[in-house]
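Q: this one's sequence-less:
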């Protein structure tokens, strides 16, 4: 039996046991700031460094660089019993640090702590070491905790690999920048990184509304995503596949909507879940940052009006049901 997988329902992590009926859920903090770095990177957190040349993404770990199509992200693995409890940062210590006694001996260099699920970089080449032993690169729910294949509680820290959500609708291929083993070895070598989010385009995956274009078929798009996820795992990295761009009816998915649409999003998740349901190292992020709707609409759906006219929203419960119906548990 496949361990229970975690689903991120638009900034909410929910065990696939379901949203209603006391299901485990984790509300992640909404990112209050969005900035575009000078290299075109979207900074997914409020940590942005502004210089004379523009803004660059930064992260709590200074050794984590930003690069084309990537942005610093973080997700915590502790859940609460209610979807309305927001995760808050740990309070800063109020007790001053004790003063150190003077010493004439040279201090030993500190050895950085390495996440057990993150391959350690080779100090000479910078290339990550072999991935964790088979079986440890897996995630499942234990009580109200997210644990790895060894049963240890785990936090997800990583980057967002932009590209697959927009390149395919502009006739520019699938990925924005390199997606080969060398690029993934570089990501895996960044301090603390153990996860990569892969944003997807609804139309390109389903092959509808004229997408993908530029000589790429829906089958090729799907195969490229599957191959990329497999390469992430080969480098010891978890994957988060996420619905980022979508559109109702015959409109083309060329931007971020306020919510997923009932026309295509349940079918999208049925297909994506069927593809990755046997992969215990991949998480489903049902939709990126729902906005401008209330709780009832978020859960059950409603009618909204946007640049695409008035259309029906697919509530998160319907998407969780679409995932569970495939047997992805």
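A: Received it, and whenever you're ready, just let me know what you need. All of these numbers come straight from a predicted model, not from anything done at the bench.
Q: from here on, contacts and neighbour counts on C-alpha atoms
A: Fine.
Q: tell me the average confidence for the helix or strand containing residue 157?
A: Assigned by DSSP states H and E, residue 157 falls within strand 156-161. Here strand 156-161 scores 96 as its mean pLDDT.
Q: Which secondary structure elements does that strand sit against?
A: Helices and strands touching strand 156-161, by 3 or more C-alpha pairs under 8 Å, 6 or more residues apart in numbering; DSSP states H and E, are strand 70-75, strand 195-201.
Q: Go through these and find the least confident stretch.
A: Among those, strand 70-75 carries the lowest mean pLDDT, a mean of 44.
Q: Tell me where the stretch 151-300 of the chain has strands.
A: Assigned strands in the stretch 151-300 of the chain, in chain order: 156-161, 195-201, 238-245, 282-285 (criterion: DSSP state E, counting those that start in this stretch).
Q: quick one: the second one to strand 156-161, angle?
A: Translated: strand 195-201. 40 degrees (axes from the mean of the first three to the mean of the last three C-alpha atoms, to 10 degrees).
Q: Show me what strand 195-201 is in contact with.
A: If you take C-alpha atoms under 8 Å, 6 or more residues apart in numbering as the criterion, strand 195-201 is touched by 156-166, 168, 232, 237-246, 253.
Q: Mind listing the strands it pairs with, and their directions?
A: Here strand 195-201 has these sheet partners by DSSP bridges: strand 156-161 (parallel), strand 238-245 (parallel).
Q: average pLDDT for the last one?
A: Taken as a whole, strand 238-245 has an average pLDDT of 98.
Q: who's in contact with that strand?
A: Contacts to strand 238-245, defined as C-alpha under 8 Å, 6+ apart, come from residues 137-138, 165-166, 194-202, 229, 232-233, 253-257, 281-288.
Q: quick revisit: could you say which one of the strands of the stretch 151-300 of the chain comes nearest to residue 308?
A: Between residue 308 and the strands of the stretch 151-300 of the chain, the shortest gap by C-alpha to C-alpha is with strand 238-245, which sits at 13.4 Å.
Q: Show me where the stretch 101-250 of the chain dips below the pLDDT cut-off.
A: Within the stretch 101-250 of the chain, the stretches with pLDDT under 70 are 101-135.
Q: Try it again at 90.
A: 101-136 (pLDDT under 90).
Q: what about residue 311, neighbour count?
A: By the criterion of other C-alpha atoms under 10 Å, residue 311 has 17 neighbours.
Q: ugh, wrong one, residue 307
A: 7.
Q: re earlier: can you redo the strands of the stretch 151-300 of the chain as CSV with mean neighbour count?
A: Formatted as CSV, the strands of the stretch 151-300 of the chain follow (neighbours: other C-alpha atoms under 10 Å):
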stretch, mean neighbour count
strand 156-161, 23
strand 195-201, 26
strand 238-245, 24
strand 282-285, 26
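Q: Tabulate those (CSV), appending distance to residue 325.
A: Converted to CSV, these look like this (distance: least, C-alpha to C-alpha, whole Å):
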stretch, distance to residue 325
strand 156-161, 26
strand 195-201, 21
strand 238-245, 18
strand 282-285, 14
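Q: how about these, which one is nearest residue 312?
A: With C-alpha to C-alpha as the yardstick, what comes closest out of these is strand 238-245 (16.0 Å).
Q: Now tell me what touches the helix or strand harbouring residue 305 from outside.
A: Assigned by DSSP H and E, residue 305 belongs to strand 303-306. Residues outside strand 303-306 that contact it (C-alpha under 8 Å, 6+ apart): 310-313.
Q: Of those - the most surrounded one?
A: Going by other C-alpha under 10 Å, residue 313 tops the contacts of strand 303-306 with 25 neighbours.
Q: No more questions from me, cheers.
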